[in-house]
Every structure is written in structure tokens, then in C-alpha cells.
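> missing the sequence, but the structure's below:
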């Protein structure tokens, strides 16, 4: 799914759909908004999971490995900014007022960063 924000990814506990059921009842990952979706080969699916894990654990090396496996090539080399961007993209759902404040803070940080690069 090319639009993996928290509103489009749901995790449901203990779902049995007749096809798959974890030993303990498991979980079902539900992805919404299939307008931009593609089936990935196993290596790229694992790399995407590594990218998500790397962003959650601040593992810069794993993030770079995941980028390489996925085939993502950036024209810059600032892993901290990349990690920050992925963490923002995959952020938890929160009440609207908190989300707005976070977005405003990120926009201000990004603007300051861009302004400092212009100098």
C-alpha cells in the first residue's frame, strides 16, 4: 500500500477468516485504500517490516539496509531525517488537536531545516 498512514492500517486481534488463524487467535492486518497497492516479493515485504521496526527502535543501520533491499535510492544522505520522516508517516493515531500540533511542529522543523540549508 503506497499510502500507509495509521488511518489506512488496522490491526485486529483474534480474527479467524477461515483461511488463516494464529495458534493463539493471532492478529489480522487490514490495509485500507487500495488505490495505490502492489504485491511485494517476500524479500521486499521483509525489508518493509525492517524499515518499520528500524523507525520504531531508532536503528539507523537497519533502516539503511531496508532502503537498500527495497531499492530506495535517495539523493541525500541524512539518515536521521529519513528516520524522522518515516516515524512521522507511521505515527500513531491521536486526537485531532494533538495531530494538528504535531503536524505544525513538523512543518516548522522542516521549514527551519530548509531555511538553514539555503544559507
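Received, thanks. Because the structure is a prediction, the values reported are computed rather than measured.

> right, and residue 86 touches residue 55 too?
Yes. Residue 86 lies in contact with residue 55 (CB atoms under 8 Å); the separation is 4.3 Å. C-beta here means a position set from N, CA and C on the backbone, and glycine is covered the same way.

> neighbour count for these two, which is higher?
residue 55 (22 against 19; other CB atoms under 10 Å).

> how about the residue positioned nearest the centre of the chain, phi and psi?
Nearest to the mean C-alpha position of the chain, counting by CA atoms, centre = their mean, stands residue 90 at 3.9 Å. In terms of degrees, to the nearest 10, the main-chain angles of residue 90 are phi -100, psi 20.

> same check, this time on residue 31
The phi/psi pair for residue 31 (degrees, to the nearest 10) reads phi -110, psi 120.

> bridging residues for it?
residue 9 (DSSP bridges).

> tell me the pLDDT at residue 68?
For residue 68, the pLDDT comes out at 92.

> before we move on, what about the one 4 residues further on?
At residue 72 the predicted local confidence, pLDDT, stands at 86.

> just confirm it is within a strand.
No. Residue 72 sits outside any strand when classified using DSSP: H, G, I helix; E, B strand; the rest coil, being coil.

> that one and residue 27: what is the separation?
Plainly put, residue 72 is 27 Å away from residue 27 if you go by CB to CB, to the nearest Å.

> can you give me the helices in the chain?
Listed in chain order, the helices of the chain (DSSP state H) span residues 42-57, 60-70, 79-89, 96-118.

> what does the first one rub up against?
Meaning helix 42-57. 40, 59-63, 65-67, 69-71, 83, 86-87, 90 (CB atoms under 8 Å, 6 or more residues apart in numbering).

> nearest to residue 109 among those?
residue 87 (12.4 Å; CB to CB).

> contacting residues around that closest one?
55, 56.

> which neighbours do residue 86 and residue 55 share?
residue 63.

> just give me the closest of the contacts of helix 42-57 to residue 10.
Checking the contacts of helix 42-57 against residue 10 by CB to CB gives residue 90 as the nearest, at 13.5 Å.
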